[in-house]
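In: structure of the sequence below:
(chains A and B)
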Amino acid sequence: MRHIISILLENEAGALSRVAGLFSARAYNIETLTVAPTEDVSLSRLTIVTTGTDAVIEQITKQLNKLIDVIKVVDLSEAAHIERELMLIKVRATGKDREELKRLADIFRGHIIDVTESTYVIELTASGSKLDSFIQAIDAGLILETVRTGVCGIGRGERILKV
Amino acid sequence: MTMMTGAEIVIRCLQEEKVEYVFGYPGGAVLHIYDALFKQDQVKHVLVRHEQAAVHAADGLARSSNRVGVALVTSGPGATNAVTGIATAYMDSIPVVVISGQVPNDYIGQDAFQECDTVGITRPCVKHNFLVNDVHKLALTLKKAFYIANSGRPGPVVVDIPKDVTAAKCKFEYPEAIQMRSYNPVVKGHLGQIRKAVHLLLEARRPMIYTGGGVILANGAEQLTRLTRRLGFPITNTLMGLGAYPATDPQFLGMPGMHGTVEANLAMQHCDVLLAIGARFDDRVIGNPDNFASIPRKIIHVDIDPSSISKRVKVDIPIVGNVPDVLEEMLRLLDAGNAAPDAQALAAWWKEIDAWRAKQCMKYARKKNVIMPQYVIEKLYEVTAGKAIVTSDVGQHQMWAAQYYKFDEPRRWINSGGLGTMGVGLPYAMGAALQHPETPVVCVTGEGSIQMCIQELSTAKQFRLPIKIINLNNRYLGMVRQWQEMFYGSRYSESYMDSLPDFVKLAEAYGHVGIRVERPEDVEPALRKAFIDHKDDLVFIDFITDQKANVFPMVAAGKGLADMILTEDL
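Out: Now for the predicted structure:
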């Protein structure tokens, strides 16, 4: 099962490597990992997408809580939540492909943020699976580069992760 | 408030923490600290001969007492040599603070002389670690280090201090107490869960108590003994938990696991309610987890660390909390309810256990002309009247010491259970001997293990530590040889010990007393000579033992607990 785990941790040097190291040391999966400071600069918020059985996910949250720098851990996917990921994708855009790519970007509510005679850079923000669909919708031969931020997520409504 | 250098602050913090002994080895990056150490006499420094031994000795001191062990090492190789010691302490949850020197802040990352990323290297084997880049953070960081090391589930903490920080000055302020928003270990167990547990214990027809190192670390032996006696249940202590319940008490079934007793293993396997306390269902204790789980039983698990619960075996009633507090609460509920377990069911269960016990699985054949290693431990127990602190290295001798020395009190048995580090025995004994000058301290070892930290014979001489080294010398890496005999067609690949030193002369070369014993009838006189005539000396007794003796019973790796190999099976 896929889980989105959100972590509040001290914005200290090395805190990220403690989390990443834990996953590799205990052979847990990381599909994506994102981290940045919050409105309180002493805190970082980290989001990890992982997969595992219920027992593995239980161990992951317990082991994360055990790290001294970790303040709170929430499995966002346990309840109503929103997830988003940003992708920048550079595509070969020449001839009739230019119009086609523009139309596809519009359908996926993406933006073309860089235009040259032969390329576009399309910015797309959506759930991870929607980004996957976009990639599949484009002729693979046209894709020059993709870069994705990894998933970040937040609980809906009154579900708040705060110190 | 006076200004102090970082080095002075380090020493002052150790004084504030009432640290009596620091085990260490000087070097470039810690010279300022050693200079500050020189100018005071409250904190005593023990100069080891290798940094690995510094951490082991600090660890041994911590295990034998209820204090945080402290080691001090320099940057680069000083820190990397300490890693085995740190990982050993980590696996057994021992409170140790390791202070390491680091190259100056502006050299970090420049591949400076004796530079290494100590925080990066030690990260996976510490409870926490710090790089202190500013002298203003030094005192608070050391306070945090001691607090983290010795609270919750204890563990080693590394504090890496760049050299310029130890030279810089600032005002000294040491906080009395500390609050960390990201670290709040649970202490009190959940009352509802404890109530459910007590209810389940009273309903049990085939109950069993299984306890580990957590009971020792939390100082819960007294509460455990009262609870076990109050309930009248059988109990087993793991390798790390020996001494938590008196081994000479009839309710004690011996150690469980790979080299556990028949009665302990079968009671673990066939009980209907298992009360696990401060134990972690380790692979060496329960064998194959699927086999263990295949027999239905209810499990209550008390542990300070939530991640230990339902990690290898799914439990029914988890209780996160400090062991003595939880056990006190159980006792209070039992007293308040004036409740007792079903006496008839319990009597029938004990009858079953006594039948297993009657197999006398620890019996071994004596030989007329050859010393059996088990016999040496039995005699050691007699001669020391069971009152010694016994450290061990890792291997067959470790198992025999655990099986044949009866520990009636906690913190008397010191060994590396988790990491299984050969070479710990002598430095452990050094830490214990310094902390307990009135108690006989014994290091049970083998000719393989003892050579891994043999250089510490020099430290023991310098600090006049009257350790008794019991070397069970079978000229083999015995445990490796045993596995090769049983599982590799007796192909003894590299498990023999050739070109051994003359241990008697070696001991004498270091200024100690050496005795060689080759005949069974000389075992006891040699021990008496060591413990009585040479009470104040370090005595190295080299017992030339049976080469082919194996440790039994044995549950082969990956097998179920009931699948034991006994001596007569071979």
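In: and chain A, what are its domains?
Out: A:2-79, A:82-154 (the TED database).
In: and the end-to-end length of the longest one?
Out: With CA to CA, to the nearest Å as the measure, the first residue of domain A:2-79 is 13 Å from its last.
In: please work out the average pLDDT along it.
Out: Across domain A:2-79, pLDDT averages out at 96.
In: do that domain and chain B meet?
Out: Yes. Against chain B, domain A:2-79 shows contacts by CB under 8 Å from any CB of the partner chain at A:9-10, A:13-14, A:17-18, A:21, A:25, A:55, A:58-59, A:62-63, A:65-66, A:68-71. Just so you know, the C-beta spots here come from the backbone N, C-alpha and C atoms, and that holds for glycine as well.
In: next step: the residues you listed restricted to strands.
Out: The members of the residues of domain A:2-79 next to chain B that map onto strands under DSSP state E are A:9, A:10, A:70, A:71.
In: just give the nearest non-adjacent residue to the third one, would you?
Out: In space, not counting the residues next to it along the chain, residue A:70 is nearest to residue A:9; the distance is 4.9 Å by CB to CB, 6 or more residues apart in numbering or on different chains.
In: residues near the one you found, how many?
Out: Residues within reach of residue A:9, counting by other CB atoms under 10 Å in any protein chain shown, total 23.
In: right, and it touches residue A:47 too?
Out: No. Counting by CB atoms under 8 Å, residue A:9 stays clear of residue A:47, with 11.4 Å between them.
In: still on that earlier bit, comparing the domains of chain A, which comes out most buried?
Out: domain A:2-79 (a mean of 17; mean count of other CB atoms under 10 Å in any protein chain shown).
In: residues from chain B in reach of chain A?
Out: Residues of chain B lying near chain A (CB under 8 Å from any CB): B:119-120, B:123-124, B:127-128, B:131, B:148, B:180-183, B:305-307, B:310-311, B:314.
In: ok, now with 6 Å
Out: Proximity of chain B to chain A (CB under 6 Å from any CB of the partner chain) is limited to residues B:123, B:124, B:128, B:181, B:182, B:183, B:306, B:307.
In: list the ones among the residues you listed that fall in strands.
Out: Reading strands off the residues of chain B next to chain A with DSSP E, I get residue B:128.
In: quick one: which of the residues of chain B next to chain A is nearest residue B:421?
Out: residue B:124 (16.0 Å; CB to CB).
In: tell me the pLDDT of the closest one.
Out: Confidence for residue B:124, expressed as pLDDT, is 97.
In: list the contacts of it.
Out: Counting by CB atoms under 6 Å, 6 or more residues apart in numbering or on different chains, residue B:124 makes contact with A:21, A:25.
In: any idea how far it lies from residue A:20?
Out: From residue B:124 across to residue A:20, the span is 11 Å (CB to CB, to the nearest Å).
In: buried stuff in stretch B:287-296?
Out: For stretch B:287-296, a neighbour-count test (16 or more other CB atoms under 10 Å in any protein chain shown) marks B:287, B:288, B:291, B:292 as buried.
In: if you count neighbours, what's buried in stretch B:229-243?
Out: B:231, B:233, B:234, B:235, B:236, B:237, B:238, B:239, B:240, B:241, B:242, B:243.
In: buried stuff in stretch B:11-20?
Out: So, applying 16+ other CB under 10 Å, buried residues of stretch B:11-20: B:11, B:12, B:13, B:14, B:16, B:17, B:19, B:20.
In: isn't the first one up against residue B:36?
Out: Yes. Assessed by CB atoms under 6 Å, residue B:11 is found in contact with residue B:36 at 4.6 Å.
In: list residues touching both of those two?
Out: Counting by CB under 6 Å, 6+ apart, nothing touches both residue B:11 and residue B:36.
In: so what touches stretch B:428-442?
Out: Residues from elsewhere that reach stretch B:428-442, judged by CB under 6 Å, 6+ apart: B:21, B:56-57, B:60-61, B:64-65, B:384, B:388-391, B:414, B:443, B:465, B:467-468.
In: are any of these buried, and if so which?
Out: B:21, B:56-57, B:60-61, B:64-65, B:384, B:388-391, B:414, B:443, B:465, B:467-468.
In: out of those residues, which are inside helices?
Out: B:56, B:57, B:60, B:61, B:64 (DSSP state H).
In: what helix or strand is the nearest residue to residue B:463 once chain neighbours are set aside on?
Out: Excluding the flanking residues, the one nearest residue B:463 by CB to CB, 6+ apart is residue B:46, at 6.0 Å. For residue B:46, the element it lies in under DSSP states H and E is strand B:44-47.
In: do the same with residue A:33
Out: With DSSP H and E as the criterion, the answer for residue A:33 is strand A:32-37.
In: may I have that strand exported as PDB, CA atoms only?
Out: C-alpha atoms of strand A:32-37 as PDB (Å, rounded to 0.1, in the frame of the first residue of the first chain):
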ATOM      1  CA  THR A  32       9.600  10.400  -3.200                       C
ATOM      2  CA  LEU A  33      11.000  12.700  -0.500                       C
ATOM      3  CA  THR A  34      10.600  16.400  -0.200                       C
ATOM      4  CA  VAL A  35      11.700  18.800   2.500                       C
ATOM      5  CA  ALA A  36      11.700  22.600   3.100                       C
ATOM      6  CA  PRO A  37      11.500  24.900   6.100                       C
END
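In: what are the contacting residues of it?
Out: A:11, A:16, A:44, A:46, A:47, A:48, A:49, A:149, A:150, A:151, A:152.
In: try 8 Å
Out: A:11, A:16, A:19-20, A:43-49, A:85, A:128, A:148-152 (CB atoms under 8 Å, 6 or more residues apart in numbering or on different chains).
In: residue ranges of the helices in chain A, please?
Out: A:15-25, A:54-66, A:97-107, A:128-137.
In: in a markdown table, list the ones you listed along with distance to residue B:429.
Out: As requested, these are exported to a markdown table (distance: least, CB to CB, whole Å):
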| stretch | distance to residue B:429 |
| --- | --- |
| helix A:15-25 | 31 |
| helix A:54-66 | 32 |
| helix A:97-107 | 72 |
| helix A:128-137 | 57 |
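In: relative to residue B:405, which of these is closest?
Out: helix A:54-66 (34.0 Å).
In: the closest one - contacts with which helices or strands?
Out: strand A:2-10, helix A:15-25, strand A:70-75 (3 or more CB pairs under 8 Å, 6 or more residues apart in numbering or on different chains; DSSP states H and E).
In: angle of the first one against helix A:128-137?
Out: For strand A:2-10 and helix A:128-137, the angle between their directions (axes from the mean of the first three to the mean of the last three CA atoms, to 10 degrees) works out to 120 degrees.
In: all set now, cheers.
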